[in-house]
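**Student:** below are the sequence and a predicted model for it; my questions follow.
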Amino acid sequence: MRERRFLPLFVTQFLGAFNDNLFKNAMIFFATYQIFNSVEEETRFSAIATGIFILPFFLFSALAGQLADSYDKAKIMRIIKAAEIGIMLVGAAGIFLEHLELMLAALVGMGVHSAFFGPIKYAILPQHLQEDEVLGGTGMVEAGTYIAILCGTIAGGVISAYAAAIAVICVAVIGWFASLRIPSAPPLTKLKIDYNIFRASWRLISATMHIRRLYLAIIAISVFWTIAAVLGVLFPPLVKNVFHAQKDVASVFLGIFSVGIAIGSVIINRLLKGHVSAKYAVRSVLSMMLFVICFYVTARFWPVHEGPLLKTAEFLSMPIGWAVLGTLLAIATTGGMFVVPLYAFLTTTVEKSQTARTVAANNIVNSGFMVFGSVSIFGVSKIPGVGVAECVLVVVLLCLASAWCANRLYKAEDAPHAPDVLP
């Protein structure tokens, strides 16, 4: 954290993640609590907002990976952060005008911004860090990202929409200044860039997914992010309609989830002692599944409450209020222990000149899974007799799928294999 080869990058990505979530959650909470008045409309809008933010990852990650492997990564970061300032000006205008379509347009812009930034922030680590520092650096970036998500989520639920509009512009400007301090990371190869985003995406996925270990890691990560997307869609309507609570409680839910993943990132780094491995992945995700079941039980047995929506203090004064938050923290902590080593695995399994494209391929598959999960969970909620609380049980099935992939990956680690090289 004291080194220039890491600190400016950490600050830049921290502020970007903060801004994403400050803007997105301020917008979703505004719509959930001020505009819509039914569970169906609230779940649908939350799913739409989540889906359109993720969609650019599916469309542009291949191009982002090619650019990151072909040009100086630090220079690309500066261009991306400059674009963020313009995007946030559009978003702020949408908030002041109370214009949902304009806010959604800015959310798409932030999705594009993050799609281009994502491959670089992981791919630059092996270039700037020593081999025994990559897992720790990845864990710090992941933990920092989720602390930023926590801060942005809480701020989005606490401050007014107008204050959020000003804040996102200021944070974007600070993030751009931080990016100016990132050391140069020149390309280690030169690619002929394919600007056809659909063809490039298909070729990149085909080139990456035929490598068995990468395939298993990417699928496991993708299922995990589907879980995160499903829970992110469900939290606002779940808090309002099951726990009968205000938006500040929804912010606490999302914040607790972010803190948990940050804690899990640190714990797993200590357990693995810098060694990149899926050793604890199966146990982590199965533990996560058990805590999800516990979370569902607490939701089902939440006492019916009439009257005004509960504030945070009133929520915590309920008999099982702390149990709900504790269970949610456990879900996120075990999730962080599961996913962080898999990201480090992606960046250390292939040649350094190919890491950005590998992360980009992962982002494409992740985003496809997440968009599918966001849309599907809305469909599940429409099934007669299935309430928003029952939708949480979908996560149990996803945990089992993640455990299967992680188990296969751990076995593949010790199997003889040739060096992983993308075509």
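**Tutor:** It's in. Numbers count the residues shown, from 1 in each chain.

**Student:** contacts only, for Thr226.
**Tutor:** Under the criterion of CB atoms under 8 Å, 6 or more residues apart in numbering, the neighbours of Thr226 are 369-370, 372-373, 398. Using the backbone N, CA and C atoms, a C-beta is placed for each residue, glycine as well.

**Student:** and it, which of the three is it?
**Tutor:** Using DSSP: H, G, I helix; E, B strand; the rest coil, the three-state assignment for Thr226 comes out as helix.

**Student:** buried subset of the contacts of Thr226?
**Tutor:** Buried by 16 or more other CB atoms under 10 Å: 369-370, 373, 398, out of the contacts of Thr226.

**Student:** tabulate those residues (a markdown table), appending distance to Ser206.
**Tutor:** A markdown table is the format used below for these (distance: CB to CB, whole Å):
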| residue | distance to Ser206 |
| --- | --- |
| Phe369 | 17 |
| Met370 | 21 |
| Gly373 | 23 |
| Leu398 | 25 |
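
**Student:** in helices only, show me the residues you listed.
**Tutor:** When the buried ones among the contacts of Thr226 are checked against helices using DSSP state H, the ones located there are 369-370, 373, 398.

**Student:** so which two of the residues you listed are the farthest from each other?
**Tutor:** Pairwise distances across these (CB to CB) peak at 11.4 Å, for the pair Met370 and Leu398.

**Student:** pLDDT-wise, what's the bottom of the buried ones among the contacts of Thr226?
**Tutor:** Ranked by pLDDT, the buried ones among the contacts of Thr226 bottom out at Gly373, which scores 77.

**Student:** residue ranges with poor pLDDT in the stretch 201-350 of the chain?
**Tutor:** 274, 276, 304-305, 347-350 (pLDDT under 70).

**Student:** who's in contact with the closest residue to Leu180 other than its chain neighbours?
**Tutor:** Nearest non-adjacent residue to Leu180, counting by CB to CB, 6 or more residues apart in numbering: Arg78, 6.4 Å away. By CB under 8 Å, 6+ apart, the residues touching Arg78 are 176, 179-180, 182.

**Student:** sorry, back to before: list just the nearest of the contacts of Thr226 to Cys391.
**Tutor:** When the contacts of Thr226 are compared against Cys391 (criterion: CB to CB), the nearest one is Gly373, at 10.9 Å.

**Student:** distance of that closest one relative to Met289?
**Tutor:** Counting by CB to CB, to the nearest Å, the gap from Gly373 to Met289 is 16 Å.

**Student:** which strand or helix spans Ala64?
**Tutor:** helix 39-70 (DSSP states H and E).

**Student:** run the chain-centre distance for that helix.
**Tutor:** 11 Å (CA atoms, centre = their mean, to the nearest Å).

**Student:** now do the buried residues in that helix.
**Tutor:** By neighbour count on 16+ other CB under 10 Å, the buried set for helix 39-70 is 39, 42-70.

**Student:** now it: average pLDDT?
**Tutor:** Helix 39-70 comes out at a mean pLDDT of 76.

**Student:** what packs against that helix?
**Tutor:** helix 7-30, helix 100-123, helix 197-209, helix 212-241, helix 355-381 (3 or more CB pairs under 8 Å, 6 or more residues apart in numbering; DSSP states H and E).

**Student:** distance check, the residue nearest to Leu180 against Thr12.
**Tutor:** Arg78 is 9 Å from Thr12, by CB to CB.

**Student:** Asn363 too?
**Tutor:** Going from Asn363 to Thr12 by CB to CB gives 18 Å.

**Student:** Val233 now?
**Tutor:** 28 Å.
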